[in-house]
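I would like to see how this sequence folds:
(one chain, ligands or ions: 1)
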Amino acid sequence: MSVSHAPIAVVGAGPAGLMAAETIARAGLHVDVYDAMPSPGRKLLIAGRGGLNLTHSEPPETFVTRYGARQRDVGRWLARFGPAEVRAWAEGLGIETFVGSSGRVFPVGMKAASLLRAWLRRLEMLGVRLYPRHRWLGWDVEDALRFETPQGELRLRPPALVLALGGGSRPELGSDAAWVEILRARGIAVAPLKPANCGFEAAWNEAFRRKFAGAPLKTVALRLPWTGFHRRGECVVTEYGLEGSLIYAASAHIRERIEVQGQAVLHFDLLPDTPPEKLRARLASGRGKRSFSEYLRRRAGLRGVKAGLAREVLPVEMRQDPTGLAAALKSLPVTVLRPRPLAEAISTAGGLRLEALTETLMLREMPGVFCAGEMLDWEAPTGGYLLTACLASGVAAGEGVLQWLERGVLALGALGGNS
Ligand SMILES: Cc1cc2nc3c(=O)[nH]c(=O)nc-3n(C[C@H](O)[C@H](O)[C@H](O)COP(=O)(O)OP(=O)(O)OC[C@H]3O[C@@H](n4cnc5c(N)ncnc54)[C@H](O)[C@@H]3O)c2cc1C
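Okay, here's the model as predicted:
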């Protein structure tokens, strides 16, 4: 086993790592990118399956609020490389983008494969070398990086290191969060990883589950009474509970509520286009001899999964109370019990605490080690906010490396701060 003095190392060939590599290589420096998987950008490719949502067209001051408690930190990265720069960057790769009806920005063709291909070609032209099947194992006692490779263990001492290892969701795509224990062992603060943009479990009755699993609930409005959250949209009833874009958008609030209360009660307006007084008037005549389902269908226009959910949730006595029923259909309380596991989530909350990093995304305790992407402790809903922040933090970390090297703080072998 040999220890070599290498070019700058980026570990993690997802959007954040590749963007850090591009930023460093554009300055004329040598960069090697290592990834545990046989090919780069696997999560990016999967993200493209349902239509790659690159970013969002809303005004920057609204855009930045999507990062909640972390908007000040993420805002710094976005000020340098925000939604407009993401679009210009994609177009520079020959991938035109368009704004969809919801304001979301997609590549024409919707897919990630052509974007990733063009990006890898550009990186190759910039001299970036990619080493797949290189799993980073941490540092040895002399602070050299350790990699498991098909040729055996490799040790490196790059002049600077960018870690862009992803979060803990969909580990089969490469981001298995093994880095958490490696960094914690070095005394670096990591907030527990949690599912974000995830589904939630509910205790459906068997008959409801069998009949409606997979059925889309559209259009509804979701209100979370303990926050100001109130939004129209769509979600899906699943075998286990609820998922889909409206649930994902609210998932941070729901997860936090469950952590405190043990459950969360979501309030659905099943008829968001019908004013309450109109619904009250329609239901006022009462059920009479009709079945409850027929009454809901005829008087309220509710059928299918919406009517099924009302039957599932409401106490039987409410079926005879037109006023109470009208109010309940506008604010149907649905209890969810727990989020689905992190491995199934779209993204990750928690991660490397931003307080452990300088503004240039260098670990305070490990000069020369920079971090980027979903492994950092921020979260955002779907809508292009995830990729935008990953790319922006990749630029920030890449520029951090350049500043660090420029300042001459570098001494070969100083990685880890004490070798
Ligand atoms: C189904 C799905 C759809 C999505 N759709 C969208 C969307 O439309 N828009 C959007 O903005 N976001 C979307 N996302 C989220 C987005 O894909 C991620 O936020 C983004 O890929 C994270 O980028 P990253 O570079 O931080 O991490 P990743 O893309 O996870 O890359 C991390 C890389 O690090 C490597 N790695 C990890 N550990 C090691 C190790 N020890 N040694 C070596 N290599 C290692 C992994 O193999 C991986 O290649 C979606 C996610 C999913 C799952």
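
can we go C-alpha only for contacts and neighbour counts from here?
Will do.

I'd like to know the phi and psi angles of the residue most central in space within the chain, please.
Centroid check for the chain by CA atoms, centre = their mean gives residue 347 as the closest residue, at 3.3 Å. Backbone torsions of residue 347, given as degrees, to the nearest 10, read phi -150, psi -180.

how far away is residue 358 from residue 366?
Distance, residue 358 to residue 366, using CA to CA, to the nearest Å: 11 Å.

er, residue 25 I mean
Distance of residue 25 to residue 366, computed by CA to CA: 23 Å.

ok, those two, which is more surrounded?
Neighbour count, other CA atoms under 10 Å: between residue 25 and residue 366, residue 25 has more, with 22 against 17.

Spell out, range by range, the strands that occur in the stretch 101-250 of the chain.
Using DSSP state E, counting those that start in this stretch, the strands of the stretch 101-250 of the chain run over 104-107, 129-131, 135-139, 145-149, 152-156, 161-163, 190-196, 200-201, 216-223, 230-237, 241-243.

which residues touch the residue in the stretch 201-350 of the chain that the ligand sits nearest to?
Across the stretch 201-350 of the chain, the shortest distance to the ligand (CA to the nearest ligand atom) belongs to residue 346, at 4.2 Å. Contacts for residue 346 (CA atoms under 8 Å, 6 or more residues apart in numbering) come out as 169, 170, 195, 196, 197, 198.

let's see it at 6 Å
By CA atoms under 6 Å, 6 or more residues apart in numbering, the residues touching residue 346 are residue 197.

Use 9 as the first number from now on
Yep, numbering from 9; the last one is residue 354 now.

Following the chain onward from the helix or strand of the chain with the lowest mean pLDDT, which element is next?
Lowest mean confidence among the helices and strands of the chain (mean pLDDT, DSSP states H and E): strand 11-12, at a mean of 44. Per DSSP states H and E, strand 11-12 leads on to strand 16-19 as the next helix or strand towards the C-terminus.

and the top helix by length along the chain, how far from the chain's centre?
Identified as the longest helix of the chain according to DSSP state H is helix 393-414. Remark: helix 393-414 is offset 18 Å from the chain centroid, using CA atoms, centre = their mean, to the nearest Å.

List of residues touching it?
23-24, 27-28, 31-32, 63, 85-86, 89, 368-369, 378, 380-381.

ok, which of the residues you listed also contact the ligand?
23, 24, 381 (CA under 6 Å from any ligand atom).

Next step: the residues you listed restricted to helices.
Counted as lying in helices by DSSP H, out of these, are 23, 24.

Reformat the ones next to the ligand among the contacts of helix 393-414 as a markdown table; add pLDDT.
Listed next are those as a markdown table, based on pLDDT from 0 to 100:
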| residue | pLDDT |
| --- | --- |
| 23 | 98 |
| 24 | 98 |
| 381 | 98 |
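
ranking the ones next to the ligand among the contacts of helix 393-414 by neighbours, who comes first?
Neighbour count (other CA under 10 Å) singles out residue 24 as the most crowded of these, with 35 neighbours.

Please report how far the closest residue to that one other than its chain neighbours lies from residue 263.
Among residues not flanking residue 24 along the chain, residue 402 sits closest, at 4.4 Å (CA to CA, 6 or more residues apart in numbering). The gap separating residue 402 from residue 263 is 28 Å, by CA to CA.

cool, and residue 180?
From residue 180 across to residue 263, the span is 24 Å (CA to CA).

Settle it for me: which of those two has more neighbours?
With neighbours defined as other CA under 10 Å, residue 180 and residue 263 compare such that residue 263 has more, 25 against 12.

Excluding chain neighbours, what is closest to the more buried one?
Nearest to residue 263 is residue 347, by CA to CA, 6+ apart, at 6.5 Å.

right, and that neighbour touches residue 208 too?
Yes - the pair residue 347 / residue 208 is scored as a contact, 4.3 Å apart, by CA atoms under 6 Å.

Run through the residues that contact the nearest residue to the residue nearest to the centre of the chain once chain neighbours are set aside.
Distances taken as CA to CA, 6+ apart put residue 204 closest to residue 355, at 5.1 Å, once the chain neighbours are dropped. Residue 204 is in contact with 355, 356, 357, counting by CA under 6 Å, 6+ apart.

repeat for residue 111
Shown in contact with residue 111 (CA under 6 Å, 6+ apart): 64, 65.

Right, I'll leave it there.
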